[in-house]
Every structure is written in structure tokens, then in C-alpha cells.
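A.B. asks: when you get a sec, could you give me coordinates for this:
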Amino acid sequence: MEGSAGDFSLATHVEGHPAETLVHVSVSQRDASRLVLEFGHEHEVLRDACCLLCGSIGTRVLLERGYTGPLITRPPLAAGASSQASRPH
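C.D. replies: I've put the predicted structure just below:
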């Protein structure tokens with residue numbers, strides 16, 4: 001039984017699933033440096049957290065569930081970035 005970490009979006013394409021696909025993530029009990037990405041009842045993939053869109057909260061959740069693998073903490077999406085680009089200077 002894996003330690004459920006919740007739902008995360010993919011940062012990259014994973015086995016036929018495009019980036020931004022929502023996937024249920026658990027920490028593997030056999031190898032805490034691997035995550036189990038659950039795409040359905042019959043389709044699970046072992047990966048590390050580098051394939052996930054994972055901010056500081058998601059990173060903390062993974063670590064609390066016992067994950068020991070590599071992490072990439074991505075900055076939050078800048079909600080105002082596009083509005084700032086169109087703003088007159």
C-alpha cells in the first residue's frame with residue numbers, strides 16, 4: 001500500500017498522457033524515491049517528482065508522505081503575467 005499524496009498535474013508528457021493531465025500520486029512503499037502515478041485502475045507508472053507540476057505545498061506533501069526522490073519546486077504560475085504584458089508603460 002502506497003502513501004497517497006493526492007492529485008497533481010503533469011509537467012511533462014508521461015506515457016501517452018499530455019502535460020497538465022491530472023493524475024493521482026502515491027509514494028511507493030517498495031522504493032520511497034519513486035512515485036506511483038495512477039492513470040486508472042489498470043495503468044500505474046513509477047516516476048520521480050520531476051514529471052509533476054509541484055510547488056512548495058505539493059513538495060511538502062510529498063515529503064510528509066515519505067518521498068525521498070528528487071524534487072523540482074516550480075514557482076507558482078504568474079496569474080498577472082499576461083495582464084502586465086498588455087498594460088501600457
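A.B. asks: stretch 26-40: end-to-end distance?
C.D. replies: In stretch 26-40, first residue to last residue: 13 Å (CA to CA, to the nearest Å).
A.B. asks: can you tell me the closest non-neighbouring residue to Val36?
C.D. replies: Ser26 (4.5 Å; CB to CB, 6 or more residues apart in numbering). To be clear about C-beta, it is placed using only N, CA and C from the backbone, and glycine gets the same treatment.
A.B. asks: identify the residues contacting that neighbour.
C.D. replies: Applying CB atoms under 8 Å, 6 or more residues apart in numbering, one finds that Ser26 lies in contact with 2-5, 35-36, 38, 65.
A.B. asks: just those now: which is nearest Ile72?
C.D. replies: Leu35 (12.6 Å; CB to CB).
A.B. asks: tell me where the chain has helices.
C.D. replies: Counting by DSSP state H, the chain forms helices over residues 56-64, 81-85, given from the N-terminal end onward.
A.B. asks: JSON lines for the contacts of Ser26, including pLDDT?
C.D. replies: Rendered in JSON lines, the data for those read as follows (pLDDT from 0 to 100):
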{"residue": "Glu2", "pLDDT": "56"}
{"residue": "Gly3", "pLDDT": "83"}
{"residue": "Ser4", "pLDDT": "92"}
{"residue": "Ala5", "pLDDT": "94"}
{"residue": "Leu35", "pLDDT": "96"}
{"residue": "Val36", "pLDDT": "95"}
{"residue": "Glu38", "pLDDT": "95"}
{"residue": "Arg65", "pLDDT": "95"}
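A.B. asks: just the buried subset of those residues, written out for ChimeraX, thanks.
C.D. replies: To isolate in ChimeraX the members of these that are buried, counting by 16 or more other CB atoms under 10 Å, one can use:
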select :2,3,5,35,36,38,65
